[in-house]
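# below is the structure, and that's it, no one-letter string:
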């Protein structure tokens, strides 16, 4: 049984083809051109809104995966990622995430938020000291 399994695994290993990177790099630009054509349908002001082009991006992703697999390459791989990054730079370089600008609350609220825990801590310490001095009653 071990011999048959080893022979089976060896046969499976021989069927695996090496990644043809040049074929993959030759085919990926077609995915980029197709995505570019689809993105022409979307107003460039809406390129940062994923809901406007999610189907086009999904098609692009599936195309790059298919072409990588056709070239016997795993996906994602560094070359495919480099290509996808180039597409991102072309279409989404102006899409920056807006950072939330945090502000302190007004002074009255801030002072209240600071003083309440301080006062409760002082009250608890006072209560513990008072109770420990009156241990004869408890």
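The structure has been received and is ready for your questions. Treat the numbers as computed from the prediction; the structure is a model and nothing was measured.
# excluding chain neighbours, what is closest to residue 71?
Of all residues not flanking residue 71 in the chain, residue 24 sits nearest, at 3.8 Å (C-beta to C-beta, 6 or more residues apart in numbering). For every residue, glycine as well, the C-beta is placed using N, CA and C.
# how about the contacts made by residue 119?
Shown in contact with residue 119 (C-beta atoms under 8 Å, 6 or more residues apart in numbering): no residues.
# what sits against the residue nearest to residue 71?
So residue 24 contacts 67-68, 70-71, 73, 79-80 (C-beta under 8 Å, 6+ apart).
# any low-confidence regions in the chain?
1-15, 97-98, 100, 136-138 (pLDDT under 70).
# okay, now the domains of it?
21-93, 105-137 (the TED database).
# can you redo those as CSV with distance to residue 99?
Formatted as CSV, the domains of the chain follow (distance: least, C-beta to C-beta, whole Å):
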stretch, distance to residue 99
domain 21-93, 15
domain 105-137, 19
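# and those, which is most packed in?
domain 21-93 (a mean of 15; mean count of other C-beta atoms under 10 Å).
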